[in-house]
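Asker: coordinates only, sequence not included:
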């Protein structure tokens, strides 16, 4: 529904792009990529929208905007037409831009409207006359009925009701919308993102009967895994395919060339739950990105040996690394004089290369032993000299 760019407040960086509605882990990952855990520390800018909402004021409230996108995505064509009609009514009665919070109320109020297949007063007037809403013309012979001024009837009804015409588009049919009851209040939107109680959430489907679907959260018990097979009416996991996914590892189905057994995936989820509990998920994702890891066994080893890595979430570019290094060597005044004459980005990249450090979307990561980050094997033990 919306494409947004999210960046940390005060940051000069490019930010990270995100399509809304987004799943819980997608939102959390976007915050990780801009270097904060709090919604009130970010700026959100809408760069594209699937439908044009009249006089919409896109506030920086990411949670509220995502809630609006979720609701709009769930509406059918008629409901979406009703929503746009309500937005047009708001635009005509209010001189202020439409806030996201108010638009969310409108999205939850689509059943407070009647939607009629009419795009002008003439079509609207004919509809009202044919359906018995104009008592004065009831019972007229067909030849006399066709002589009626349907355009005048439609205009008078529209003005009396306060209804509006909505132009047709790619995702909505043109129609007449009129409100018949009071607007509803949308459920409250949490001020901060809530941590999901799963590591992976898969929407699965029967490969031979795609309409049979089930949602599986990992980690899960053995009984739950068996229950999923029963829900999908299959005997083995080879008969199951993935329809949708949300999880702690971004693009996990695309990243992994081979899942292995569901039991193996469940074990990885249990290991990552411990990583999340310790607040080290950003560090884990940084190692995955730096090492270009797509193997389940290697992922589990990384998760179990995160202490072997040094994570610097505040170092997100070569310039950041250069400034961090120079601040240890120079006073502020000297550093201020030097910076205009220095390729800080290139200098920082050179330092990172010398230290086998890799700058990721989540911050800089390096191994404590100084080895290449791509080498995921544990260092070989040093050979001692045997003495008698």
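Answerer: Sure thing, it's come through. Values in this document were obtained by computation on a predicted structure and should not be read as measured data.
Asker: low-confidence ranges, the stretch 101-250 of the chain, go.
Answerer: Applying pLDDT under 70 to the stretch 101-250 of the chain picks out residues 135-139, 142, 145-147, 169-172.
Asker: contacts only, for the residue nearest to residue 119 when sequence neighbours are not counted.
Answerer: Spatial nearest neighbour of residue 119, chain neighbours left out: residue 174 (4.2 Å); criterion: C-beta to C-beta, 6 or more residues apart in numbering. C-betas here are computed from N, CA, C, even on glycine. Neighbouring residues of residue 174 by C-beta atoms under 8 Å, 6 or more residues apart in numbering: 119, 165-168.
Asker: residue 2 touches residue 19, doesn't it?
Answerer: Yes - Residue 2 lies in contact with residue 19 (C-beta atoms under 8 Å); the separation is 7.4 Å.
Asker: what about those two, which has more around it?
Answerer: Counting neighbours by other C-beta atoms under 10 Å for residue 2 and for residue 19 shows that residue 2 has the greater number, 22 against 13.
Asker: how close does residue 327 sit to residue 335?
Answerer: 7 Å (C-beta to C-beta, to the nearest Å).
Asker: related to what we said a few turns ago, got a quick ChimeraX command for the buried subset of the contacts of residue 174?
Answerer: Burial among the contacts of residue 174 is assessed by 16 or more other C-beta atoms under 10 Å; the matching ChimeraX selection reads:
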select :119,165,166
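Asker: which one of the contacts of residue 174 is nearest residue 192?
Answerer: Relative to residue 192, the closest of the contacts of residue 174 is residue 166; by C-beta to C-beta it sits at 35.7 Å.
Asker: is that closest one bridged to anything, and to what?
Answerer: residue 175 (DSSP bridges).
Asker: for it, what are its contacts?
Answerer: 81, 84-85, 88, 172, 174-177.
Asker: just the buried members of those residues?
Answerer: 81, 84-85, 88, 172, 175-177.
Asker: in JSON lines: these, plus distance to residue 227 and secondary structure.
Answerer: Converted to JSON lines, these look like this (distance: C-beta to C-beta, whole Å; DSSP: H, G, I helix; E, B strand; the rest coil):
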{"residue": "81", "distance to residue 227": "40", "secondary structure": "helix"}
{"residue": "84", "distance to residue 227": "42", "secondary structure": "helix"}
{"residue": "85", "distance to residue 227": "44", "secondary structure": "helix"}
{"residue": "88", "distance to residue 227": "47", "secondary structure": "helix"}
{"residue": "172", "distance to residue 227": "40", "secondary structure": "coil"}
{"residue": "175", "distance to residue 227": "44", "secondary structure": "strand"}
{"residue": "176", "distance to residue 227": "48", "secondary structure": "strand"}
{"residue": "177", "distance to residue 227": "44", "secondary structure": "strand"}
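Asker: could those residues go into a markdown table alongside distance to residue 315?
Answerer: Shown next, in a markdown table, are the buried ones among the contacts of residue 166 (distance: C-beta to C-beta, whole Å):
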| residue | distance to residue 315 |
| --- | --- |
| 81 | 50 |
| 84 | 46 |
| 85 | 50 |
| 88 | 49 |
| 172 | 47 |
| 175 | 54 |
| 176 | 58 |
| 177 | 53 |
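Asker: find the pair from those residues with maximum spatial separation.
Answerer: Going by C-beta to C-beta, the pair spanning the buried ones among the contacts of residue 166 furthest: 172 and 176, at 12.6 Å.
Asker: where exactly do the strands run in the stretch 1-150 of the chain?
Answerer: 2-8, 16-20, 42-49, 56-57, 98-99, 113-116 (DSSP state E, counting those that start in this stretch).
Asker: which of these has the lowest average pLDDT?
Answerer: Least confident of the strands of the stretch 1-150 of the chain, judged by mean pLDDT, is strand 56-57 with a mean of 75.
Asker: helices or strands next to that one in the packing?
Answerer: strand 98-99, helix 100-107 (3 or more C-beta pairs under 8 Å, 6 or more residues apart in numbering; DSSP states H and E).
Asker: which of residue 327 and residue 335 has more neighbours?
Answerer: Higher neighbour count among residue 327 and residue 335: residue 335, with 14 against 11, using other C-beta under 10 Å.
Asker: ok, and the closest non-adjacent residue to that one?
Answerer: residue 326 is the one closest to residue 335 (C-beta to C-beta, 6+ apart), at 5.5 Å.
Asker: let me see the domain layout of the protein.
Answerer: 2-77+86-96, 195-276, 278-388 (automatic domain parsing).
Asker: for residue 149, which of the ones you listed is the nearest?
Answerer: domain 2-77+86-96 (25.2 Å).
Asker: could you measure from residue 239 over to residue 205?
Answerer: 10 Å.
Asker: cool, and residue 30?
Answerer: 27 Å.
Asker: please say which of these two ends up with more neighbours.
Answerer: More crowded of residue 30 and residue 205, by other C-beta under 10 Å: residue 30, with 23 against 20.
Asker: just confirm that one contacts residue 16, I think it does.
Answerer: Yes - using C-beta under 8 Å, residue 30 is in contact with residue 16, at 5.4 Å.
Asker: where do the contact lists of these two overlap?
Answerer: Both residue 30 and residue 16 are contacted by residue 6, under the criterion C-beta under 8 Å, 6+ apart.
Asker: checking residue 215 next. Helix, strand or coil?
Answerer: Three-state assignment for residue 215 (DSSP: H, G, I helix; E, B strand; the rest coil): strand.
Asker: does the spatially closest residue to residue 347 that is not a sequence neighbour count as helix, strand or coil?
Answerer: Distances taken as C-beta to C-beta, 6+ apart place residue 322 nearest to residue 347, at 4.4 Å, with adjacent residues excluded. For residue 322, the secondary-structure state derived from three-state DSSP is helix.
Asker: show me what contacts residue 322?
Answerer: 342, 344-345, 347-348, 351.
Asker: again with residue 300
Answerer: Residue 300 neighbours (C-beta under 8 Å, 6+ apart): 267-268, 271.
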